[in-house]
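**Q** Generate a structure from the sequence data that follows.
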Amino acid sequence: MRGRAHASRIESQPAYVLHRRAWRESSALLEVFSAEFGRVGLVVRGLRGARSQSWQAMLQPMQAVVLSWSGNGELPLVTQVEPAETRLDLRGEAVLAGLYLNELMLALLPRYEANLELFVRYGECLRQQLAADAVHRAWHLRLFERDLLSAIGFPLPLNGDGESGELRVAASYIYVADQGCLIECDPTDRQAIAGEVLIALRDSHQPEVSAVAACRRWLREVLSPHLGNRELHAWSLMHEIRRL
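**A** Okay, here's the model as predicted:
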């Protein structure tokens, strides 16, 4: 893990754009997830000049770029932008999935805490959203949620509960957050999750469609306290689209 850079200039840093919003007349504020410095806030200027068209195209959420920046303040200035790879052409629900990933990262990751493994996993998950199968895409989101929880210091105890030490396919469990453990429970408990679903999550093995949906609901409850029990915009947007 690498903390905030003390150098006034950072050169050629691989990064993904998490968020961008207009600022003043021709500038933008960026939140990026970089390989060596983690989540970083940046300012980019001159988006109405000669370089505007190419920079505007590259500095879009969910795109991989190579950035250079300078400055020791809270928002260093972007000095160079280059594409890192072929542009990810996310469409439809894949775009919503990417927006959800970005919103989750912005909500949970502090600035200047690098995690190269998570950086690689984020890129993998974005590319997996290009798959045509909706269930396949949804399952990769669940695996990323698992890995993100681990990255912020709250790994899921998927090796079993405190008594048996091993998850059982036929058992049901509840997650006790303040103890960081899974405890066997009655399958009718509202917060129960089936052992077979947890085993699939542990082994990265995609279960049946109904189990993927059950895992989504369970992980949302697990994530909720870390989000301050607030609804993510992407959640309500996905719900509305499914309703329609």
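
**Q** S34 - how many residues pack around it?
**A** When neighbours are defined as other C-beta atoms under 10 Å, S34 has 23 of them. All C-beta spots, glycine's among them, are computed from the backbone N, C-alpha and C.

**Q** how many other residues sit next to the nearest residue to it once chain neighbours are set aside?
**A** The spatial neighbour of S34 that comes closest, neighbours along the chain excluded (C-beta to C-beta, 6 or more residues apart in numbering), is A15 at 4.0 Å. Here the number of neighbours of A15 (other C-beta under 10 Å) works out to 25.

**Q** Same question for E208.
**A** Neighbours around E208, by other C-beta under 10 Å: 12.

**Q** please renumber so the chain begins at 376
**A** Noted, 376 is the first residue going forward, which turns the last one into E583.

**Q** Name all residues that make contact with Y391.
**A** By C-beta atoms under 8 Å, 6 or more residues apart in numbering, Y391 lies in contact with V407, F408, M437, Q438, A439, V440, F494, Y497, G498, L501.

**Q** Ignore what I typed, I meant L422.
**A** Residues in contact with L422 (C-beta under 8 Å, 6+ apart) are S401, S402, A403, W430, Q431.

**Q** For it, give its distance to Q435.
**A** Using C-beta to C-beta, to the nearest Å, L422 is found at 12 Å from Q435.

**Q** immediately after whatever helix or strand V470 lives in, which helix or strand?
**A** Assigned by DSSP states H and E, V470 belongs to helix 468-483. Sequence-wise, the next helix or strand downstream of helix 468-483 (DSSP H and E) is helix 491-503.

**Q** Quick one: mean pLDDT for the helix or strand that contains R396?
**A** Element membership for R396, per DSSP H and E: strand 384-398. Averaged over strand 384-398, pLDDT sits at 93.

**Q** Tell me the buried residues in that strand?
**A** Within strand 384-398, the residues that count as buried by 16 or more other C-beta atoms under 10 Å are I385, Q388, P389, A390, Y391, V392, L393, H394, R395.

**Q** now those residues in a markdown table, with distance to A489?
**A** Formatted as a markdown table, the buried residues of strand 384-398 follow (distance: C-beta to C-beta, whole Å):
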| residue | distance to A489 |
| --- | --- |
| I385 | 12 |
| Q388 | 10 |
| P389 | 11 |
| A390 | 11 |
| Y391 | 13 |
| V392 | 17 |
| L393 | 14 |
| H394 | 18 |
| R395 | 21 |
